[in-house]
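Trainee: All I have is the shape, not the residue letters:
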């Protein structure tokens with residue numbers, strides 16, 4: 001137990017994130033303790049420093065309930081970082097909320113309240129507010145949400161430590177009935193996940209130059225999904241993004257809020273589809289792909305799937321691994337013989353694959369142009385996952401985040417069923433771009449050892465290339481299947497090659513526990 005935990009008078013808790021989905025659940029009190037201790041720790045870790053960036057906070061009001069507006073205003077006024085301005089646009093309200101806000105902020109000259117006689121809508125309203133702002137970085141705060149009081153201080157710390165960054169985004173949680181719950185501990189920047197859902201949106205500090213370059217808030221057809229549209233525009237412009245591993249934003253679950261019910265705003269779902277379609281058009285994929293509600297999630301809920309319309313995946317070579325198992329040298333020889341732009345790998349022990357698995361993989365590789373490999377998952381005859389989202393650091397050194405789950409389970413914030421970036425593939429089927437994979441193998445000839453494929457994945461990451469997890473690529477294995485055992489000496493060799501990634505996988509990030517899948521680390525593990 002850490003000294004901090006001892007001072008708190010009880011053992012530091014480790015909390016299963018699945019227990020935090022209900023605001024009335026018993027684990028919510030544990031989360032309150034956890035976030036309180038985390039907040040106390042980061043007061044010292046991220047103490048405000050001079051000469052940091054200036055933030056412009058943008059908020060739209062529209063008949064905001066007084067109690068929610070008061071909570072929002074209090075969270076801004078309480079910021080421990082002082083260099084900010086708050087641009088508030090009253091978007092045609094009729095309940096006097098703008099006057100109430102003025103009474104709340106008093107004579108604070110950092111707050112500007114602008115009145116519009118008509119409701120411009122969200123997108124046009126944010127555009128108008130942005131034109132009045134003058135900060136280095138722009139933060140959007142919804143009128144019924146709140147910032148943690150050190151949010152700007154933490155964002156400023158990361159911006160100052162990483163001056164190359166164009167945008168930084170943080171983790172978030174929700175609130176209802178006065179209780180915080182449901183923290184979303186996000187992966188490091190995942191372009192593939194961004195093509196499925198707008199996961200980065202709360203809270204983001206956008207570089208002003210980036211917003212100007214991307215002409216944000218200029219498309220009224222993305223109404224309700226304007227934050228995701230900004231993120232997609234930034235990605236398409238090559239923006240450099242960084243995750244802040246702290247919960248800094250609380251999304252209030254109130255009536256009509258998509259925080260509680262994705263279908264609460266049907267127009268937002270239409271805006272999401274349009275934002276993703278516009279992004280694909282900017283990448284030259286118009287007419288080649290379609291965007292549809294993700295079929296694994298049932299009713300439309302903010303997750304989308306891109307499907308290929310053209311004949312992608314027709315020109316491929318199927319590499320069937322020998323029954324005794326493949327090794328890196330076998331792969332190198334097979335790639336040399338292949339004459340097609342795509343290669344698909346059928347692992348030993350796999351009895352069948354889902355229909356269209358190669359086309360799904362190729363689609364992910366076309367949509368995510370930095371990706372070289374699209375990998376799938378393994379399901380046994382009992383209907384349990386045996387390999388899915390792999391992460392370094394779990395189990396002996398490389399484990400499945402959703403091991404033994406039902407393959408139809410959406411998982412933590414839908415991550416089990418969403419295309420997303422991962423660090424490795426091992427035993428599951430995969431599809432790859434032949435030429436960049438062959439080029440990498442020529443530079444780094446693979447060895448004949450059990451971890452040749454994870455080693456190849458690490459080489460890809462070192463070459464700034466990506467791997468996409470595509471859950472539609474499913475292989476079935478026998479019920480008793482387990483990953484082959486690997487000697488400790490081989491894990492040690494991989495650890496030396498992986499370095500820091502072995503201790504903390506970027507797509508299974510802190511503060512998630514490496515001992516228990518999708519649990520919050522106890523506070524004595526903070527580092």
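Mentor: Received the coordinates, thanks. Note that this is a predicted model, so its numbers are computed, not measured. Numbering: from 1, shown residues only.
Trainee: mind showing which ranges of the protein have poor pLDDT?
Mentor: 1-13, 255-264, 310, 313, 523-527 (pLDDT under 70).
Trainee: Against residue 320, how distant is the nearest residue to residue 231 once chain neighbours are set aside?
Mentor: Spatial nearest neighbour of residue 231, excluding adjacent residues (CB to CB, 6 or more residues apart in numbering): residue 200 at 5.2 Å. All C-beta atoms are positioned from the backbone trio N, CA, C, and that covers glycine. Residue 200 is 39 Å from residue 320, where distance means CB to CB, to the nearest Å.
Trainee: Those two: who's more crowded?
Mentor: residue 200 (26 against 13; other CB atoms under 10 Å).
Trainee: how about that one, secondary structure?
Mentor: Under DSSP: H, G, I helix; E, B strand; the rest coil, residue 200 falls in the coil class.
Trainee: ok now do residue 24, which residues does it touch?
Mentor: 177, 179 (CB atoms under 8 Å, 6 or more residues apart in numbering).
Trainee: List the buried residues in stretch 511-524.
Mentor: 511, 512, 513, 514, 517, 518, 519, 520, 521, 522, 523 (16 or more other CB atoms under 10 Å).
Trainee: Just send those back as a markdown table, with distance to residue 72 too.
Mentor: As requested, the buried residues of stretch 511-524 are exported to a markdown table (distance: CB to CB, whole Å):
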| residue | distance to residue 72 |
| --- | --- |
| 511 | 26 |
| 512 | 29 |
| 513 | 32 |
| 514 | 36 |
| 517 | 35 |
| 518 | 30 |
| 519 | 31 |
| 520 | 26 |
| 521 | 30 |
| 522 | 32 |
| 523 | 29 |
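Trainee: got JSON lines for the residues you listed, with distance to residue 371 and secondary structure too?
Mentor: Shown next, in JSON lines, are those (distance: CB to CB, whole Å; DSSP: H, G, I helix; E, B strand; the rest coil):
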{"residue": "511", "distance to residue 371": "27", "secondary structure": "coil"}
{"residue": "512", "distance to residue 371": "23", "secondary structure": "strand"}
{"residue": "513", "distance to residue 371": "28", "secondary structure": "coil"}
{"residue": "514", "distance to residue 371": "26", "secondary structure": "coil"}
{"residue": "517", "distance to residue 371": "25", "secondary structure": "coil"}
{"residue": "518", "distance to residue 371": "24", "secondary structure": "coil"}
{"residue": "519", "distance to residue 371": "29", "secondary structure": "strand"}
{"residue": "520", "distance to residue 371": "30", "secondary structure": "strand"}
{"residue": "521", "distance to residue 371": "30", "secondary structure": "coil"}
{"residue": "522", "distance to residue 371": "35", "secondary structure": "coil"}
{"residue": "523", "distance to residue 371": "36", "secondary structure": "helix"}
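Trainee: which residues of the stretch 51-200 of the chain fall in helices?
Mentor: For the stretch 51-200 of the chain, the helices defined by DSSP state H, counting those that start in this stretch cover 66-77, 97-105, 122-131, 151-161, 191-194.
Trainee: And the ones you listed: which comes nearest residue 252?
Mentor: helix 66-77 (6.5 Å; CB to CB).
Trainee: Check which helices and strands the closest one is in contact with.
Mentor: Contacts defined by 3 or more CB pairs under 8 Å, 6 or more residues apart in numbering; DSSP states H and E place helix 66-77 against strand 55-61, helix 97-105, strand 146-147.
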